[in-house]
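Asks: Using only what follows, build the 3D model:
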Amino acid sequence: MKEAIGRVKAELGPEAMILTTRRLPRGPENPYGRDVFEIEAATEGAFDAAGTGAGNGRRSALQRRASVTGERPGEWRDICSELSEIKDMLLVSNRSRGISQFLGLPQACLNMYSRLIRTGISEQRAWGFMAAGGAFEKQKNIKPQQVIKDVFQAMMKAIVVADPFAGKNKERYTAAFVGPTGVGKTTTIAKLSAELNLKQKKKVGIVSVDSYRIGAVDQLKTYASIMGLPCLSAFSKEDLSNALDKFADKDVILIDTAGQSHRDMGRLEELRELLGGAFSIDPHLVLSTATKPEDMAAAAKNFSVLKPSSYVFTKVDETGSRGGLIDQMLNLKLPVSFITNGQRVPEDIFMPTRQRLLKLVLEGDVS
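Replies: Residues are numbered from 1 along each chain as shown. Okay, here's the model as predicted:
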């Protein structure tokens, strides 16, 4: 059977659809023969051609055989649509609201709700976006495009983005990047340094206050050296004060902090004390979208003691479920300043618009 399917794919292409398979055992008149495997297959275009006679000149005997099996034009699409509806119903039936909540909804609404859930958006948020878009008030014959448009508009209103470096041309701006271990704070600072210095022509200074991770300062200094930027270490409040004084001529100062377990409130308090006081430092919370939503929410809640002014979401290229960042934005109600989508420095970072962020979540476009 495997060999037979391989021949089908070779003749019709990798997108060939297998319609039926059958094993024909060897007959008594040929005891030394082999079993025969029969497969009926076609490309999607074969069904359209069946009723119209329009062929592309490349249909093989397998395609012609499939075309005369009685399939009507568009019947295959109807089957696919019905299977999609069943899939969506099975998905929502396993949710806490239960299937009874959806039996009276137009199919377009069911499809949209299922789409939101598959992105990783929580059930509560998905239901809220549907309600805010008026999806549950629509008529039975509402078009899917209208449902999508209305729900997208409701989501757009909930999303807030911000550029922390905008309007800072006449004053020095100091930003600290805080967050759990391994979310990519150091790499994010390297990317931002290149963006601000090389593209925006700002004078940038870098400070590391990471005294816990082995090699953390060396890694940051390596990045800074490549870009020709100064990088200083600060392991105490006095060190940090001295570093900020040395960078008095800089337009922007970026501070890299040690990764903290959000459960270690003692170290979070140490970091709050280090960055606080007379320093005018703006913290930004860095979270990985590859983190489980419940862990992301717990980390954001505990890091809120530092009073971050924005989210930086990293590693969007490492997960297919990015809806959690929408939930998190609404949980802590902070704007998103930057998104990172790879390890390349400085390319893989961007400041999202609301439209681009929605496209990232709903369509998986990380470019």
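Asks: From here on, just use CA atoms for contacts and neighbour counts.
Replies: Noted.
Asks: So what touches stretch 288-307?
Replies: Residues from elsewhere that reach stretch 288-307 (CA atoms under 8 Å, 6 or more residues apart in numbering): 179-180, 183-184, 261-263, 265, 268, 272, 283, 285, 287, 313-316, 318-319, 322, 324-325, 328, 331-332.
Asks: Just the buried ones from these?
Replies: Among the contacts of stretch 288-307, the ones that count as buried by 16 or more other CA atoms under 10 Å are 179-180, 183-184, 261-262, 268, 272, 283, 285, 287, 313-316, 322, 324-325, 328.
Asks: Now, the contacts of stretch 288-307 that are in helices?
Replies: If you go by DSSP state H, these have 265, 268, 272, 324-325, 328, 331-332 in helices.
Asks: List just the nearest of the residues you listed to Ser208.
Replies: Arg272 (15.2 Å; CA to CA).
Asks: what's the next secondary structure element after the strand or helix carrying Ala190?
Replies: Assigned by DSSP states H and E, Ala190 belongs to helix 185-194. Per DSSP H and E, helix 185-194 leads on to strand 204-208 as the next helix or strand towards the C-terminus.
Asks: and the angle from whichever helix or strand comes after that next one to helix 185-194?
Replies: Per DSSP H and E, the first helix or strand lying C-terminal to strand 204-208 is helix 216-227. Comparing the axes of helix 216-227 and helix 185-194 via axes from the mean of the first three to the mean of the last three CA atoms, to 10 degrees yields an angle of 20 degrees.
Asks: residues of helix 216-227 that come out buried?
Replies: Those would be 216-217, 220-221, 223-224, for helix 216-227 by 16+ other CA under 10 Å.
Asks: Among those residues, which one sits closest to Lys199?
Replies: The closest of those, once distances to Lys199 are taken by CA to CA, is Ala224, at 15.5 Å.
Asks: distance of the closest one from Ile255?
Replies: Applying CA to CA, to the nearest Å, the value for Ala224 to Ile255 is 12 Å.
Asks: Which neighbours do the two have in common?
Replies: Common contacts of Ala224 and Ile255 (CA under 8 Å, 6+ apart): Ile206.
Asks: Now do the same contact list for the residue lying closest to Glu195 once chain neighbours are set aside.
Replies: Leaving aside its chain neighbours, Glu195 sits nearest to Pro346 (6.9 Å; criterion: CA to CA, 6 or more residues apart in numbering). Residues counted as contacts of Pro346 (CA under 8 Å, 6+ apart) are 190-192, 194-195.
Asks: one more time with 7 Å, if that's ok
Replies: 190-191, 194-195 (CA atoms under 7 Å, 6 or more residues apart in numbering).
Asks: Which residues are in contact with the residue nearest the centre of the chain?
Replies: The residue lying closest to the centre of the chain (CA atoms, centre = their mean) is Arg322, at 3.4 Å. Contact analysis of Arg322 by CA under 7 Å, 6+ apart lists 119-120, 289, 316, 361.
Asks: and which of those is nearest to Phe338?
Replies: Using CA to CA, these come closest to Phe338 at Val316, 11.3 Å.
Asks: Identify the residue spatially nearest to that closest one, adjacent ones excluded.
Replies: Sequence neighbours aside, Asn341 is the residue nearest to Val316 in space, at 5.2 Å (criterion: CA to CA, 6+ apart).
Asks: The one you found contacts Val366, correct?
Replies: Yes. Applying CA atoms under 7 Å, one finds Asn341 in contact with Val366, separated by 6.2 Å.
Asks: Which neighbours do these two have in common?
Replies: Counting by CA under 7 Å, 6+ apart, the contacts common to Asn341 and Val366 are 316-317.
Asks: My reading is that Ala175 lies in a helix. Confirm?
Replies: No. Using DSSP: H, G, I helix; E, B strand; the rest coil, the secondary structure at Ala175 is strand, not a helix.
Asks: Now do the same contact list for the closest residue to it other than its chain neighbours.
Replies: Once flanking residues are discounted, Ala175 sits nearest to Asp282: 4.7 Å by CA to CA, 6+ apart. Taking CA under 7 Å, 6+ apart, we find Asp282 in contact with 174-176, 308-309.
Asks: Can you say which two of the ones in helices among the contacts of stretch 288-307 are spatially most distant?
Replies: Between all members of the ones in helices among the contacts of stretch 288-307, the farthest pair (by CA to CA) comes out as Arg272 and Gly324, at 26.4 Å.
Asks: Phe37 is in what secondary structure piece?
Replies: Phe37 belongs to strand 36-42, assigned by DSSP H and E.
Asks: Alpha carbons only: can I get that strand in PDB?
Replies: Provided in PDB are the C-alpha atoms of strand 36-42 (Å, rounded to 0.1, in the frame of the first residue of the first chain):
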ATOM      1  CA  VAL A  36      -2.700  -6.000  -5.600                       C
ATOM      2  CA  PHE A  37      -3.500  -2.700  -4.000                       C
ATOM      3  CA  GLU A  38      -6.000  -0.400  -5.800                       C
ATOM      4  CA  ILE A  39      -6.200   3.300  -5.100                       C
ATOM      5  CA  GLU A  40      -8.600   5.900  -6.400                       C
ATOM      6  CA  ALA A  41      -7.200   9.400  -6.200                       C
ATOM      7  CA  ALA A  42      -7.500  12.800  -7.800                       C
END
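Asks: For the residue nearest to Ala175, give its distance to Asp218.
Replies: Taken as CA to CA, the span from Asp282 to Asp218 is 24 Å.
Asks: next one: Gly134
Replies: Applying CA to CA to Gly134 and Asp218 gives a distance of 54 Å.
Asks: show me where pLDDT drops low in the stretch 151-300 of the chain?
Replies: 167-170, 212-216, 262 (pLDDT under 70).
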